[in-house]
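Engineer: Take a look and give me a structure for this.
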Amino acid sequence: MNKMRCVIVDDEPLAVELMAGYVRKTPSLELVGTYTDPVAALSEIRSTLPDLVFMDIQMPDLNGLELSRMLPEQTMVVFTTAFREYAERRNRKRNRRFIASNLMSINCSISRVRRIWI
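Structural biologist: Have a look, this model is predicted:
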């Protein structure tokens, strides 16, 4: 099984560490970068082209929704947020899935992303 290369973007270092720990324990994922600055993350994501980005929505300078629109088309996004108003979204124009998850439902989100990715 190929591992999905993933990146974590969140302005809260504790949230980044929590997600990084989870990713490291998930055999189907390979962590290729973590960022607390969404602007810096954008440049790196464009150059490393991960398969999946775990990202917070509410961040300073560039929020997760804005950042997601700037990513390469093939990059899938799982928004890691506690806000219910960001339910599952589909970007019909680019036919990409955006899945909103709280940290408790990440397993479910990864399963859904893998079905799309395969």
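Engineer: Every contact and neighbour count from this point should use C-alpha atoms.
Structural biologist: Noted.
Engineer: Run through the residues that contact the residue nearest to residue 64 when sequence neighbours are not counted.
Structural biologist: Among residues not flanking residue 64 along the chain, residue 57 sits closest, at 4.0 Å (CA to CA, 6 or more residues apart in numbering). Residues touching residue 57, when contacts are defined by CA atoms under 8 Å, 6 or more residues apart in numbering, comprise 63-65, 79-81.
Engineer: TSV for those, including distance to residue 36, pLDDT and secondary structure?
Structural biologist: Formatted as TSV, those follow (distance: CA to CA, whole Å; pLDDT from 0 to 100; DSSP: H, G, I helix; E, B strand; the rest coil):
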residue	distance to residue 36	pLDDT	secondary structure
63	12	91	coil
64	12	90	helix
65	15	87	helix
79	14	84	strand
80	14	81	strand
81	15	72	coil
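Engineer: Top of those residues by number of neighbours, please.
Structural biologist: The most neighbours of any of the contacts of residue 57, using other CA atoms under 10 Å, belong to residue 79, which has 30 neighbours.
Engineer: Pretty sure that one sits against residue 58.
Structural biologist: No - when contacts are counted by CA atoms under 8 Å, residue 79 is not listed as touching residue 58 (10.0 Å).
Engineer: any residues in contact with both of these two?
Structural biologist: In contact with both residue 79 and residue 58: residue 64, using CA under 8 Å, 6+ apart.
Engineer: need the strands for this structure, in chain order.
Structural biologist: According to DSSP state E, the chain carries its strands in the segments 4-9, 29-35, 52-55, 76-80, 89-91, 96-101.
Engineer: Least reliable of those by average pLDDT, please.
Structural biologist: The minimum mean pLDDT among the strands of the chain belongs to strand 89-91 (a mean of 46).
Engineer: quick revisit: the strands of the chain into a markdown table, with extra columns for distance to residue 70?
Structural biologist: Conversion of those to a markdown table gives the following (distance: least, CA to CA, whole Å):
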| stretch | distance to residue 70 |
| --- | --- |
| strand 4-9 | 14 |
| strand 29-35 | 16 |
| strand 52-55 | 12 |
| strand 76-80 | 12 |
| strand 89-91 | 13 |
| strand 96-101 | 13 |
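Engineer: Quick one: closest of the ones you listed to residue 18.
Structural biologist: When those are compared by CA to CA, strand 4-9 sits nearest residue 18, at 10.2 Å.
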